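>>> Next comes the sequence, and after it the predicted model I'd like to discuss.
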Amino acid sequence: MKKIVYTLLVLLGACLQGLAQQTPAPVQKEAITITGATAHIGDGTVIENATLVFENGKIIALGTNETPKGTVIDAMGKHLYPGFIAPNKSLGLIEVNAVRASNDQDEIGDLIPHVRSLIAYNAESKVVESMRPNGVLLAQITPQGGRISGTSSIVQFDAWNWEDAAIKEDDGIHLHWPNSFRRGRWWMGEERGFKPNDQYDEQLAEVEGFMQGASAYGKGTAKETNPAFEAMQGLYDGSQTLYLYADGEKEIIDGITMAKKVGVKKVVLVGGYHAYKVTDFLKQHSIPVLVQFTHNLPNFDYEDYDLPYKLPKLLSDAGLLVALQNGEASNFQTRNLPFYAGQVVAQGLDKEKALALITGNTAKILGIDNAYGTLAVGKSATLFLSEGDALDMRGNQLLYAFIDGRKLSLDTHQTQLWKRYMGKYEGK
């Protein structure tokens, strides 16, 4: 009997090991030098035949005549990039969409800024692990649902748990602005298509009232603690950012105007489908945009068929700080982030500026540019070496990847399946 039980435990352990993520990499123990690579800095510049040295998780030298130190990686003909950053994602909060028990991306309630996404983050998610072979090494973990969804945090993708993963906790509050139009409810006999939302003013007033209440709460001495209002205080002292989800001209203007009216210090527009129509307004208020991913169809029949593809370029050309996000897409599609940026190159944006849409610009918007987003002395050695152009799926073949100087395994459930079935078909 004991032998049977022992055998079952061994089998169970093997199964669980197969389901678990790779063991996080150990702390960097010796200096590593990458020589001969084309270094894409992430701020629009490139260094040919570059030498980059990092030690104790930090870049200590970068240039063309730097002295190698420690282990040397010959990267002649290869391409070096800062780790890509995916904002506005519920990665690690949901594993299988069809399995409710694995879905922890939203909570009951409409105005719930005190819900912290970070404490629900699963560092052992197989979906999270599958981001790394495409160079996506960081993300903003964002709750979904409700008018005010909760509080996001920024993590790196090589950790034992959420405490290890966090690089910036509770960075912002996420507000989904009401729409001034809605689709006709055909099942209630209404005509199809868009019609005015007769509850828009009421919904706007509810949001404004809540935010004014939170502002007043921070200025006074409340007799009782209000967790929702407590969670909002960073918006008024500048330590947190309000991520405003809005697409139409009216919604964008109304949302930003209201936020400024109630004293919010920092606002980032998320989505911004019609932001190109109000660029002067956005520049006036210094509003960055996390624009929707490019592989999409236009929302309206009268619009250019390629509007989603060229929207990041339109906003960049207007002088706005722009980054890419794919919040509405399934989590697994986040690994395509570099190819969304590559699509903007096809629309005429300079390739290095397109790279900044998922590196340097994103880091600035999320407030982590002091350590991440670009290759620079003193910053984190969160970077990867690619066989070719990482914005092109043909060249995005990672050879090495590092997070804070730790060498990552690029083996995942997806790569294991690829090897398995390539072996099957190549053997025929």
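Perfect, thanks for sending it. On a predicted model such as this, the values are computed, not experimentally measured, just so you know.

>>> looking at this, Tyr421 is in a strand?
No. Read with DSSP: H, G, I helix; E, B strand; the rest coil, Tyr421 is helix and lies in no strand.

>>> separation between Val96 and Ile34?
For Val96, the distance to Ile34 equals 37 Å [Cβ to Cβ, to the nearest Å]. Where you see a C-beta, it was placed from the backbone N, CA and C, and this is true even at glycine.

>>> sorry, that was for Lys195
Remark: distance between Lys195 and Ile34 (Cβ to Cβ) = 57 Å.

>>> So between those two, which is more surrounded?
Ile34 (25 against 13; other Cβ atoms under 10 Å).

>>> and that one, what helix or strand is that in?
Element membership of Ile34, judged by DSSP states H and E, is strand 32-40.

>>> list the helices and strands that strand packs on?
strand 46-55, strand 71-74, strand 79-82 (3 or more Cβ pairs under 8 Å, 6 or more residues apart in numbering; DSSP states H and E).

>>> pretty sure Arg132 is touching Phe157, no?
Yes. Using Cβ atoms under 8 Å, Arg132 is in contact with Phe157, at 5.7 Å.

>>> returning to what we had before: partners of the strand holding Ile34, with directions?
strand 46-55 (antiparallel), strand 71-74 (parallel), strand 79-82 (parallel) (DSSP bridges).

>>> how about CSV for these, with mean pLDDT added?
Formatted as CSV, the strands paired with strand 32-40 follow (pLDDT from 0 to 100):
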stretch, mean pLDDT
strand 46-55, 96
strand 71-74, 96
strand 79-82, 98
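
>>> Show me which of the ones you listed has the highest average neighbour count.
Ranked by mean neighbour count under mean count of other Cβ atoms under 10 Å, these are led by strand 79-82, which reaches a mean of 26.

>>> Show the subsequent helix or strand relative to that one.
strand 84-89.

>>> pLDDT averaged over the following helix or strand past that next one, what's the number?
Reading on from strand 84-89 to the C-terminus, the next helix or strand found by DSSP H and E is helix 126-129. Averaging pLDDT along helix 126-129 gives 91.

>>> for helix 126-129, which positions count as buried?
For helix 126-129, the neighbour count (16 or more other Cβ atoms under 10 Å) marks Lys126, Val127, Val128, Glu129 as buried.

>>> Which one of those residues is nearest to Ala259?
Val128 (31.3 Å; Cβ to Cβ).

>>> Just list the residues touching the closest one, thanks.
Gln21, Leu91, Gly92, Asn122, Ala139, Phe157 (Cβ atoms under 8 Å, 6 or more residues apart in numbering).

>>> tally of neighbours for Asn97?
Neighbour count for Asn97, taken as other Cβ under 10 Å: 12.

>>> Next one: it from Ser330, what distance?
Distance check for Asn97 against Ser330: by Cβ to Cβ, it reads 7 Å.

>>> Check Asn122 too.
Per Cβ to Cβ, Asn122 is found 16 Å from Ser330.

>>> more neighbours, the two?
Neighbours per residue, other Cβ under 10 Å: of Asn122 and Ser330, the larger number sits with Asn122, 20 against 11.

>>> so what pLDDT did that one get?
Model confidence at Asn122, given as pLDDT, is 91.

>>> Surely it and Leu93 touch.
Yes. Counting by Cβ under 8 Å, Leu93 is a contact partner of Asn122 at 7.3 Å.

>>> Now do the contacts for Lys269.
Actually, residue 269 is Leu. It isn't Lys. Listed by Cβ under 8 Å, 6+ apart, the contact partners of Leu269 are Leu244, Ala246, Ile252, Ile256, Ala275, Leu282, Ile287, Pro288, Val289, Leu290.

>>> Kindly recompute the last result at 6 Å.
Listed by Cβ atoms under 6 Å, 6 or more residues apart in numbering, the contact partners of Leu269 are Leu244, Ile287, Val289.

>>> Show me the helices in the chain, by range?
Applying DSSP state H to the chain gives helices spanning 2-19, 126-129, 162-165, 200-219, 227-231, 234-237, 249-261, 279-284, 307-317, 337-346, 351-356, 360-366, 413-426.

>>> Tell me which of those helices is the most buried.
Most buried of the helices of the chain, by mean neighbour count (mean count of other Cβ under 10 Å): helix 360-366, with a mean of 27.
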